[in-house]
Structure formats: structure tokens, C-alpha cells
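[1] missing the sequence, but the structure's below:
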């Protein structure tokens, strides 16, 4: 939820011309993260939980991509966006730990499965 609040704070600073572009995409993606975690946790089967965590992870990577785009397009300076990207990295570590604890995280290195 802290990441959601931080991202919404950044989107308030984006140009109004991006209301239906990056702003909307970023807000939808960041809302999806805690939403999918909550929905998955409420499901009765571990597989459903893992599925929703996977969707949350995808949304997280989407958020990170949009944040990088905001800087590269010159909408906001990296000094304002970097702390939010760091928060994304922390959420990524938390999701990875949760998936690992559920026995569902498989690390891949150079095309080889590390099972």
C-alpha cells in the first residue's frame, strides 16, 4: 500500500496530457499489486494464491517500466522517481520471499532451471 501511495503522489506531478496515457496505466498497474495479493490470500487454494501473486509480480514489473519511462521522457527527474523504484525493488523481494515460502519460486539463470 505504501508503494501505491507513493506512485499516486508521482502521478499527481505528471502533465495533464498524460491523464489517459502513463498516468492511467501507472495507476491501474499499481492498484493491481495489493489488489491481487489480497484477492489471492482470500482464496481457498494455495494455487489460486500463487496465481494472484504472479499477477501482482507482473503488475509490479509494469509499474517499474512506467517509472523508468517517466524519467526517460523527461516528465520527472530521477531524484524523485528513484525512491519509488527502490520501493518497487523492496516489494519485489517481499513477493519473491512469499513465493519461495510457498514453494513456487523457481530461479532461472542463463536458461537453466535451478530447482
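    Sure, I can see it. Keep in mind that this is a model prediction, so the values were computed, not measured. Numbering: from 1, shown residues only.
[2] which other helices and strands contact the longest helix along the chain?
    In the chain, taking DSSP state H as the definition, the longest helix is helix 46-72. With contacts defined as 3 or more CB pairs under 8 Å, 6 or more residues apart in numbering; DSSP states H and E, helix 46-72 has these neighbours: helix 2-11, helix 22-42, helix 78-101. Placement of C-beta: from N, CA and C, glycine included.
[3] wait, residue 60 sits on residue 33?
    Yes. Using CB atoms under 8 Å, residue 60 is in contact with residue 33, at 5.5 Å.
[4] list the residues that contact both of these two?
    Common contact partners of residue 60 and residue 33 (CB atoms under 8 Å, 6 or more residues apart in numbering): residue 91.
[5] which one of the helices and strands packed on helix 46-72 is the most hemmed in?
    For those, average neighbour numbers computed from mean count of other CB atoms under 10 Å are highest in helix 22-42, which has a mean of 18.
[6] give me the low-pLDDT residue ranges for this structure?
    Along the chain, the model assigns pLDDT under 70 to residues 104-115.
[7] now the longest helix of the chain: buried residues?
    Residues of helix 46-72 classed as buried by neighbour count (16 or more other CB atoms under 10 Å): 49-53, 55-57, 59-60, 62-64, 66-67, 70-71.
[8] and it, how far out from the chain middle?
    4 Å (CA atoms, centre = their mean, to the nearest Å).
[9] any idea of the angle that helix forms with helix 22-42?
    Angle, helix 46-72 to helix 22-42, by axes from the mean of the first three to the mean of the last three CA atoms, to 10 degrees: 160 degrees.
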